[in-house]
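>>> Generate a structure from the sequence data that follows.
(2 chains)
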Amino acid sequence: MKRIVQALLVLLLVSLMLFVMLRIVPGNPVAVLMGEHANQATIDRLTAELGLDQPIHVQFFRYLSGAVRGDFGTSYSLGKPVSELMGTAFVNTLLLSLAAALFAWITGGLCGLLAAIRKNSIPDRLFMGFSLLGISMPVFMVAMILQYVFAYWLHWVPISGTADWRSFILPAVALGWNSAGSIARLVRSALLDTLEEDYIDTARAKGLGKSGVLFRHALRNTMLPTVTMMALQLSALLSGAVITETVFSINGIGRLAVQAITARDIPLLQGTVLFSTAIVIFGNLVADFLYTVLDPRTRKEA
Amino acid sequence: MLRKKEKQIVSDFEHRKADPAGPSEISEAYDLGEAETFGKLMLRMFRENKLSAVSLLVILLMILCTILAPVLTPYGETDMDLLNRLQPPSGDHWLGTDEGGRDVLTRLLYGSRVSLMVGIVPTLLSMVLGALLGVMAGYFGKWTDTVIMRLADIVLAFPSMLLAMVIMYTLGGGLFNVFLTLTLMNWGSVARIARSETLRLKKSEFVEAARSIGVSKWKIIFRHILPNCLPTLIVLFTLNVPAAILTESSLSFLGLGIQPPGASWGLMVNMGRQFLYNAPWLSFVPSAAIMVAVLSFNFLGDGLRDVLDPRLRKQ
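Got it, this is the predicted structure:
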């Protein structure tokens, strides 16, 4: 309960900071919007219509009460309600992120697992070297290499867009690439730590086979650090989605945010960033909750 | 009176440090047995971790190339040669030319100035800011702690790329604003670590001793707590540099960071993207440069962490 209140407080402060940051940009956004040839009367009328002539705290509370009810204002550049634009975009981002997370967890988890059970072997070094490469490659680099090789050169999948499910393959791999690297490293070190615990020796001593030890005892306890990782990766995925969606022309939240900046569309930018941050805060909350379910030792504080 | 006593203890400490062979109770209390000079520490790192040695070499080489750029290449940063547009790599242009006939290798060398600077300067600034705020939060506690750590929570709650985009939108593009953005983005995590280090150090005997003889709060912070956070902070620095390079390159890739005619690796990728299919080297060469820089700093950070602060390994 305390955590939920805390999360809501952070979200409130986040929206306040965001609001202030986007309002201190010099110049009247309406004047920018109307172009050079707009006359002052029209600018004034539109400013009043959008409520931008009100004091900033009034504007903030208006925005907040709207946002709670799912109304994030109207986009300046696209003329549609921000919530409607975000709704369509969110489906794409969600699909992309889920596919990327799936890819990252399967490849990263498997690589980490194989590396840990054969510590210091050739596959271990290979996987770990590869994972470091994964962490060090900028998202746009992975995305463009994949696009060049598999879409342009080999014609296996569409170059961009969201026409069918096959066009999600490359973006998902590109977005999941970095996460796969960090997950592999985390799973490896967590599993190695667990394998040194006393209860693993006990399990071995009572005659449990290798796979029994691994699946019944070791892997379960490796779940804990991985849950924290999941929450951290959520933030990284949403950051990476901005780049991936731009490269592959996917109309998601990230691309919407980039478009909003180019068009100096404050309500759209504010909505997309606030929405993404809310998802991250919520994700962290869920991770905290999962943690207490998985590890009874952490329960007494809650 | 108290000052004198403090000076006495400090000079005693310095004296013992200079001559650790001299056995004394103080040297044991301060655990001088493990003290290593910086040079010895580096040597140990290179012995234990060959990759970090290679990485340091690569980083130094990059910095050298950055400084010597005007000597190393016969072309100027913005020399146009419209007859030789989009040329593939050749003897004259080792890495080809771009849409204006500019030499890609030359642009890469000049671009590394911005990219390396963006890695180092804002990271340093965010370390100083984050360490100061974190130590203050940890040491003073109460409302100082609450205010600083809530602020850090807010900064850390945003997906980093989106926060960077919003700050860049507010400030506008350009090198200086990229510095400012990265500093504002990264101080939070530094503050969290500095705070937890401080909470640990605050309970230690030498801080208690300093407090009991009446050393002022700020003096304890600057003389006793911050120097002891230093190993952790150095490691964090080498791990934050590659993160900063990646963020800048992503921002510039989106056209929100460094503005033309300036050159940074991320901006070069962005400009080359329109020619991805007929001149792929325009995007892939600077991408590879980013990767090598980030990889080197990551390896170096790993090596430093192992020798300086093994406790960080698990994070």
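
>>> What ranges in the stretch 1-150 of chain B fall below the confidence cut-off?
For the stretch 1-150 of chain B, the stretches with pLDDT under 70 are B:1-38, B:82-83, B:86, B:91, B:93, B:101.

>>> Quick check: the gap between residue A:235 and residue B:98.
35 Å (CB to CB, to the nearest Å). The C-beta positions use only the backbone N, C-alpha and C, and glycine is treated the same way.

>>> go on, residue B:306?
Separation of residue B:306 from residue B:98 (CB to CB): 41 Å.

>>> more neighbours, the two?
Neighbour totals were compared for residue B:306 and residue B:98, and residue B:98 leads with 22 against 17 (other CB atoms under 10 Å in any protein chain shown).

>>> neighbours around the closest residue to the more buried one other than its chain neighbours, how many?
In space, and not counting its chain neighbours, residue B:98 is closest to residue B:282: 5.5 Å by CB to CB, 6 or more residues apart in numbering or on different chains. Counted with other CB under 10 Å, the neighbours of residue B:282 add up to 25.

>>> Show the contacting residues for residue B:282.
B:86, B:96, B:98-99, B:104, B:268, B:271-272, B:275-276 (CB atoms under 8 Å, 6 or more residues apart in numbering or on different chains).

>>> Any quick PyMOL command for the buried ones out of the residues you listed?
Applying 16 or more other CB atoms under 10 Å in any protein chain shown to the contacts of residue B:282 leaves a buried subset, and the PyMOL line that selects it is:
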select buried, chain B and resi 86+96+98+104+268+271+272+275+276
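
>>> Need the contacts of residue B:282 in TSV (columns: secondary structure).
As requested, those are exported to TSV (DSSP: H, G, I helix; E, B strand; the rest coil):
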residue	secondary structure
B:86	coil
B:96	coil
B:98	coil
B:99	coil
B:104	helix
B:268	helix
B:271	helix
B:272	helix
B:275	helix
B:276	coil
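
>>> Tell me the one of the contacts of residue B:282 nearest chain A?
residue B:276 (6.4 Å; CB to the nearest CB).

>>> Could you check how far the closest one is from residue B:104?
14 Å.

>>> Then residue A:234?
For residue A:234 relative to residue B:104 (CB to CB), the value is 37 Å.

>>> can you check residue B:128 too?
36 Å.

>>> Quick check: which ranges of the stretch 201-302 of chain A have low pLDDT?
For the stretch 201-302 of chain A, the ranges with pLDDT under 70 are A:298-302.

>>> what about whichever residue of the stretch 101-250 of chain B sits closest to chain A, which helix or strand?
Nearest to chain A, among the residues of the stretch 101-250 of chain B, is residue B:161, at 3.4 Å (CB to the nearest CB). Per DSSP states H and E: residue B:161 is located in helix B:160-171.

>>> And the following helix or strand past that helix, how far out from the chain middle?
Moving toward the C-terminus from helix B:160-171, the next helix or strand (DSSP H and E) is helix B:175-202. Centre-to-centre, helix B:175-202 and its host chain are 11 Å apart (CA atoms, centre = their mean, to the nearest Å).

>>> just stretch A:210-224 next, same as before
28 Å.

>>> List of residues touching it?
Against stretch A:210-224 from outside (CB under 8 Å, 6+ apart): A:113, A:117, A:187, A:190-191, A:194-195, A:197, A:199-200, A:203-204, A:208, A:291, A:294-295.

>>> could you redo the last one with a cut-off of 7 Å?
With contact meaning CB atoms under 7 Å, 6 or more residues apart in numbering or on different chains, stretch A:210-224 is reached by A:117, A:187, A:190-191, A:194-195, A:199-200, A:203-204, A:291, A:294-295.

>>> Just say helix, strand or coil for residue B:207.
helix.

>>> you'd agree it is up against residue B:221?
No. Using CB atoms under 7 Å, residue B:207 makes no contact with residue B:221, being 9.8 Å away.

>>> Point out the residues in the stretch 51-200 of chain B that sit beside chain A.
By CB under 7 Å from any CB of the partner chain, the residues of the stretch 51-200 of chain B that approach chain A are B:150, B:153-154, B:157-162, B:165-166, B:169-170.

>>> Going through these, which ones are buried?
Buried among these by 16+ other CB under 10 Å: B:153-154, B:157-162, B:165-166, B:169-170.

>>> Helices of chain A, start to end?
With DSSP state H, the ranges of helices along chain A come out as A:2-23, A:29-34, A:40-49, A:56-68, A:82-117, A:122-136, A:139-146, A:169-195, A:198-205, A:210-212, A:219-247, A:253-262, A:266-294.

>>> between those helices, which gets nearest to residue B:43?
helix A:122-136 (23.8 Å; CB to CB).

>>> For that closest one, buried residues please.
Neighbour-count burial for helix A:122-136 flags A:124, A:127-128, A:131-132, A:134-136 (criterion: 16+ other CB under 10 Å).

>>> In TSV, list those residues along with pLDDT and distance to chain B.
Output for the buried residues of helix A:122-136, formatted as TSV (pLDDT from 0 to 100; distance: CB to the nearest CB, whole Å):
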residue	pLDDT	distance to chain B
A:124	80	15
A:127	81	16
A:128	80	11
A:131	83	11
A:132	82	6
A:134	80	10
A:135	83	7
A:136	86	4
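
>>> got the residues you listed as CSV, with distance to residue A:220 columns?
Formatted as CSV, these follow (distance: CB to CB, whole Å):
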residue, distance to residue A:220
A:124, 22
A:127, 22
A:128, 23
A:131, 23
A:132, 27
A:134, 26
A:135, 27
A:136, 31
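
>>> For the stretch 151-300 of chain A, which residues are neighbours of chain B?
For the stretch 151-300 of chain A, the contact set with chain B under CB under 7 Å from any CB comprises A:152, A:189, A:235, A:238-239, A:242-243, A:246, A:257-258, A:261, A:269, A:273, A:276-277, A:280-281.

>>> Go ahead and flag the most central residue of the chain.
I'll assume chain A. In chain A, the centroid-proximal residue (CA atoms, centre = their mean) is residue A:238; its distance is 2.4 Å.

>>> Hmm, no, I was thinking of chain B.
With distances taken as CA atoms, centre = their mean, the residue of chain B nearest its centroid is residue B:241 (3.4 Å).

>>> about what we covered before: can you list contacts of the helix holding residue B:161?
Contact partners of helix B:160-171, identified using CB under 7 Å, 6+ apart, comprise A:18, A:21-22, A:24-25, A:235, A:239, A:242, A:257, A:261, A:269, A:273, A:276, B:177, B:180-181, B:184-185, B:247, B:250-251, B:256-257.

>>> contacting residues for the closest residue to residue B:302 other than its chain neighbours?
Spatially, and ignoring its direct neighbours in sequence, residue B:302 is nearest to residue B:52 (6.5 Å; CB to CB, 6+ apart). Listed by CB under 7 Å, 6+ apart, the contact set of residue B:52 reads B:45-46, B:299-300, B:302-303.

>>> distance of residue B:52 from residue B:299?
Following CB to CB, the distance that separates residue B:52 from residue B:299 is 5 Å.

>>> next one: residue B:271
For residue B:271, the distance to residue B:299 - CB to CB - is 29 Å.

>>> With residue B:165 instead?
Distance, residue B:165 to residue B:299, by CB to CB: 29 Å.

>>> ok, now residue B:214?
With CB to CB as the criterion, residue B:214 and residue B:299 are 46 Å apart.

>>> More neighbours: which of the two?
The neighbour count for residue B:214 versus residue B:299, taken as other CB under 10 Å, is higher for residue B:299 (24 against 12).
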